[in-house]
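1. generate coordinates for the sequence data below:
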Amino acid sequence: MRIHLIAVGTRMPEWVTRGYGEYAKRMPRECSLQLVEIPPGDRRKSRTKEQARGEEGQRMLAAIPRDCEVIALDVSGRACTTAALAGQLADWLESGRDTVLLIGGPDGLAPACLERASRRWSLSELTFPHALVRVIVAEQLYRAWTLHQGHPYHRS
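-> A predicted model of the protein is given here:
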């Protein structure tokens, strides 16, 4: 099973690349984390943010592999605990299907991406920069994996 993290943005600061990479490499082969970067939409003054977000959405939808569960990271989504995420991870592993997590750009996800998702996940009521979300998601998935495996990384 693979977790595809489809995220808007192609030129991240080095600390984002290193942070994400550190947790992604810790994930085991049977639950690998794969990043798919989507170029941001054109945000020139002559275009609206809705147009840019729509362009990103089309690219994201095209990057979703077949027969995957799709989850949108969205502020209006449902929050969960790390223990609940570990349970969800166990369900994903048992299903054998790949999972896709969608991370929007500075203006969030396109409505088409939200409609495509089977559910929405909120990391927090706080607002995070979209680049930082990559690192948070990778760390939380690793933490959920270690909890699922009974590893002492997670201390509650």
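2. what residue is smack in the middle of this structure?
-> With distances taken as Cα atoms, centre = their mean, Leu101 lies nearest the centre of the chain, 3.7 Å away.
3. so that residue: helix, strand or coil?
-> strand (DSSP: H, G, I helix; E, B strand; the rest coil).
4. and it, what does it touch?
-> 3-6, 71, 73, 121, 137 (Cβ atoms under 8 Å, 6 or more residues apart in numbering). For every residue, glycine as well, the C-beta is placed using N, CA and C.
5. next, the angle from the strand ranked longest in the chain to strand 99-103.
-> Using DSSP state E to define each element, the chain has its longest strand at strand 69-78. Angle, strand 69-78 to strand 99-103, by axes from the mean of the first three to the mean of the last three Cα atoms, to 10 degrees: 50 degrees.
6. partners of strand 69-78 in the sheet?
-> Strand pairing for strand 69-78, determined by DSSP bridges: strand 99-103 (parallel), strand 119-121 (parallel).
7. tabulate those (CSV), appending mean pLDDT.
-> Listed next are the strands paired with strand 69-78 as CSV, based on pLDDT from 0 to 100:
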stretch, mean pLDDT
strand 99-103, 98
strand 119-121, 96
